[in-house]
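S.K.: Dropping a prediction and its sequence here:
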Amino acid sequence: MKRNAHKRQILKYAVMQIFTQGALVISLAALIAVIIFILIRGIPYINMQLLFGDYTSKTPSIKPALIGTLYLILISITIAAPIGIGSAIFLTEYTNSKSRLIRYIRIAVETLAGIPSIVYGIFGYLVFVIALGFKYSLIGGGITLAVMILPVIVRSTEESLLAVPRSLREGSFALGSSKVRTIFSVVLPCAASGIVTSLILAVGRVISESAVLILTIGMVVNKMPKDFASPGTSLALDVYYFGSHGYPEQAAATGVVLLVLVVSINIIATVIGKIYGKGEFADG
Amino acid sequence: MDNKFNITVRGCDLYYGNFQALKNVNIDIEENEITALIGPSGCGKSTFIKSLNRMNDLIEDCRINGEILIGDQNIYDKSMDINLLRKNVGMVFQKPNPFPMSIYDNVAFAPRTFGIKKKSELDKIVERSLKQAGLWGEVRDRLRGKAMGLSGGQQQRLCIARALAADPKILLMDEPTSALDPISTGKIEELMSDLKSDYTIVIVTHNMQQATRISDKTAFFLLGEIIEYGKTESVFSNPKDKRTENYITGRFG
């Protein structure tokens, strides 16, 4: 009896191991296949004309998309960073985290972070494009993106602030510092790497977003945007446009550019987190 | 605040919500003496020391009645400037809590808070405070180095220097050596005896020997009350209350 039970244990263990290993191999293989496929299809078509040339229907270019993407990053981060960081400071430093209202606000913020981006897109379309009469514009899309990344920034900034040990705040107050001095001289510098990391990841989300922009900035792939109020395009939108308008090679090439950008942004964020995140605090 | 820095506590009751942490505490703490607060965990001595620089204000639903005077000034008056109070009543915590910045910036933190910007002046304060804390010789060559790179004992002396740089008159120490090794503890005890001539020191300690070694007066706390308060010698050699005797001889607590 006992021996059989033991055998069954060994068998279960082996089956489990094979199954989990197989799952890992398949998920890695899928990921690598996507990347390799895009690279193989895209890299041969990356050239100066595609990146920085003037757009013609024979030789399309992603220059308008690069500029448009920069505009969108600038607009959305400029709006979302101060508001998001400010909200997080208020939530952690000025409220009692156990109060019911604050708990509800947290749940609301988390829920907002999980809303499908196309919903933000239709919001941006109805408000900026239609109601406020912006028409299709980078500013309307940028503001919509700001609304979309706000909850993400609030949540991650809040986490960075909560990770600053209470003892440091007490130490500052005990030296006669005001609340404002404590926040700016002790709490924020301690949380800086976490906050910067979260902003960089937010930039990554802006770069990868397409659903919001389809409905708000007009996907004008062939004209350079003149200013914030112009319609425009972004890298992600170009991939969609090229893919659906008979330029599959250019779509793959743009995909490579997008991939490289997002991967480098994630690496930068990780490096910043690693460099500044360790051994910072007395606790632990 | 005027020039007198003795502490007078009259009829002090303190509550955390419904829990009464201090019961009718009365005590006179003299200038330029070391007063030790002893008692078992949870007896209210840390709560008491935190009410002397109003650190309890940071705790939600903490209420306090009665009077705490420094000189003639009731520190719980509405007109009291809490930041100025905390500048005058420095505090050193149980666990060293240097800020994650340079040694220099740690010590210069409070002077900068109170508007000193000139480098020459800051340099002087930093050097003086580190010397007072007996740390100057060990860190003079690496003032720009990270405070977190110091050992635990050095970190605690840095925190003392940081508190002294605010130019306080009273120094509160909440079990300042309980996280340290015996050698660091010895250094800090020596330091306290040196500082006594310029500061009024109140120290919470769990270590009876420490209380007898360094303090002039000792107050024994039990369940939020002061059971006995007097000259350290007489409290330890000739306790008037049975409960004090039981505690200091190790029969409970």
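M.R.: Looks like it arrived, so ask away.
S.K.: for chain B, what spans make up the strands?
M.R.: B:7-16, B:19-29, B:34-38, B:62-70, B:73-74, B:89-92, B:170-174, B:200-204, B:217-222, B:225-231 (DSSP state E).
S.K.: Low-confidence regions, the stretch 101-250 of chain A specifically.
M.R.: For the stretch 101-250 of chain A, no stretch is flagged by pLDDT under 70.
S.K.: Quick one: name the residues of it near chain B.
M.R.: Proximity of the stretch 101-250 of chain A to chain B, by Cβ under 8 Å from any Cβ of the partner chain, involves residues A:165, A:167-178, A:181, A:185-186, A:189-190. The way it works is simple: take the backbone N, C-alpha and C, and place the C-beta from them, glycine included.
S.K.: I'd like the next helix or strand past the host helix or strand of A:Ala108.
M.R.: Assigned by DSSP states H and E, A:Ala108 falls within helix A:100-113. Remark: after helix A:100-113, the chain's next helix or strand is helix A:117-124, criterion DSSP H and E.
S.K.: Sort out which residues of that next one are buried, please.
M.R.: For helix A:117-124, the neighbour count (16 or more other Cβ atoms under 10 Å in any protein chain shown) marks A:117, A:120-121, A:123-124 as buried.
S.K.: Which secondary structure state is assigned to the residue of the stretch 51-200 of chain A found nearest chain B?
M.R.: Proximity to chain B, evaluated over the stretch 51-200 of chain A using Cβ to the nearest Cβ, is greatest for A:Gly176 at 3.5 Å. Classification of A:Gly176 by DSSP: H, G, I helix; E, B strand; the rest coil places it in coil.
S.K.: And for A:Lys223, the neighbour number?
M.R.: Look at A:Lys223: counted by other Cβ atoms under 10 Å in any protein chain shown, it has 13 neighbours.
S.K.: before we move on, back to that, correct me if wrong: the residue of the stretch 51-200 of chain A closest to chain B contacts B:Arg112.
M.R.: No: the pair A:Gly176 / B:Arg112 is not scored as a contact, 11.1 Å apart, by Cβ atoms under 8 Å.
S.K.: The two: which has the busier surroundings?
M.R.: Ranked by neighbour count (other Cβ under 10 Å), A:Gly176 and B:Arg112 place A:Gly176 first, with 24 against 17.
S.K.: Now the more buried one: closest residue in space, sequence neighbours ignored.
M.R.: Leaving aside its sequence neighbours, A:Gly176 sits nearest to B:Lys87 (Cβ to Cβ, 6 or more residues apart in numbering or on different chains; 3.5 Å).
S.K.: got a list of what the one you found touches?
M.R.: Neighbouring residues of B:Lys87 by Cβ atoms under 8 Å, 6 or more residues apart in numbering or on different chains: A:175-176, B:110, B:113-114, B:166-168.
S.K.: re the thing from before, for the residue of the stretch 51-200 of chain A closest to chain B, list the residues it contacts.
M.R.: B:83-87, B:110, B:113-114, B:166.
S.K.: Take those residues and keep only those in helices.
M.R.: Using DSSP state H, B:83-87, B:110, B:113 are the members of those that sit in helices.
S.K.: Put the buried members of those into a ChimeraX selection.
M.R.: The ChimeraX selection below is limited to those of these classed as buried (16+ other Cβ under 10 Å):
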select /B:83,85,86,87,110,113
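S.K.: mind giving me CSV with the ones in helices among the contacts of A:Gly176 and columns for pLDDT?
M.R.: Formatted as CSV, these follow (pLDDT from 0 to 100):
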residue, pLDDT
B:Asn83, 93
B:Leu84, 93
B:Leu85, 95
B:Arg86, 95
B:Lys87, 94
B:Ala110, 96
B:Thr113, 94
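S.K.: Turn the ones in helices among the contacts of A:Gly176 into a markdown table, including distance to B:Asp77.
M.R.: A markdown table is the format used below for the ones in helices among the contacts of A:Gly176 (distance: Cβ to Cβ, whole Å):
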| residue | distance to B:Asp77 |
| --- | --- |
| B:Asn83 | 15 |
| B:Leu84 | 12 |
| B:Leu85 | 10 |
| B:Arg86 | 15 |
| B:Lys87 | 17 |
| B:Ala110 | 23 |
| B:Thr113 | 22 |
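S.K.: returning to what we had before: just the buried ones among the residues of the stretch 101-250 of chain A next to chain B, please.
M.R.: Neighbour counting over these (16+ other Cβ under 10 Å) leaves A:165, A:167-177, A:181, A:185-186, A:190 as the buried ones.
S.K.: I'd like the distance between the closest residue to chain A within the stretch 101-250 of chain B and B:Leu172.
M.R.: The nearest approach of the stretch 101-250 of chain B to chain A comes at B:Ala110, 4.2 Å away (Cβ to the nearest Cβ). Distance of B:Ala110 to B:Leu172, computed by Cβ to Cβ, to the nearest Å: 15 Å.
S.K.: now B:Lys196
M.R.: 14 Å.
S.K.: In terms of neighbours, single out the busier of those two.
M.R.: When neighbours are counted by other Cβ under 10 Å, B:Leu172 comes out ahead of the other of B:Lys196 and B:Leu172, with 25 against 17.
S.K.: hmm, back to that, quick check: the gap between the residue of the stretch 51-200 of chain A closest to chain B and B:Ile64.
M.R.: 20 Å.
S.K.: likewise A:Leu235?
M.R.: The spacing between A:Leu235 and B:Ile64, counted by Cβ to Cβ, is 61 Å.
S.K.: Which one's more surrounded, these two?
M.R.: Per other Cβ under 10 Å, whichever of A:Leu235 and B:Ile64 has more neighbours is A:Leu235, with 21 against 18.
S.K.: Name all residues that make contact with the residue nearest to B:Arg112 when sequence neighbours are not counted.
M.R.: Distances taken as Cβ to Cβ, 6+ apart place B:Leu122 nearest to B:Arg112, at 7.3 Å, with adjacent residues excluded. B:Leu122 is in contact with B:108, B:111-112, B:116, counting by Cβ under 8 Å, 6+ apart.
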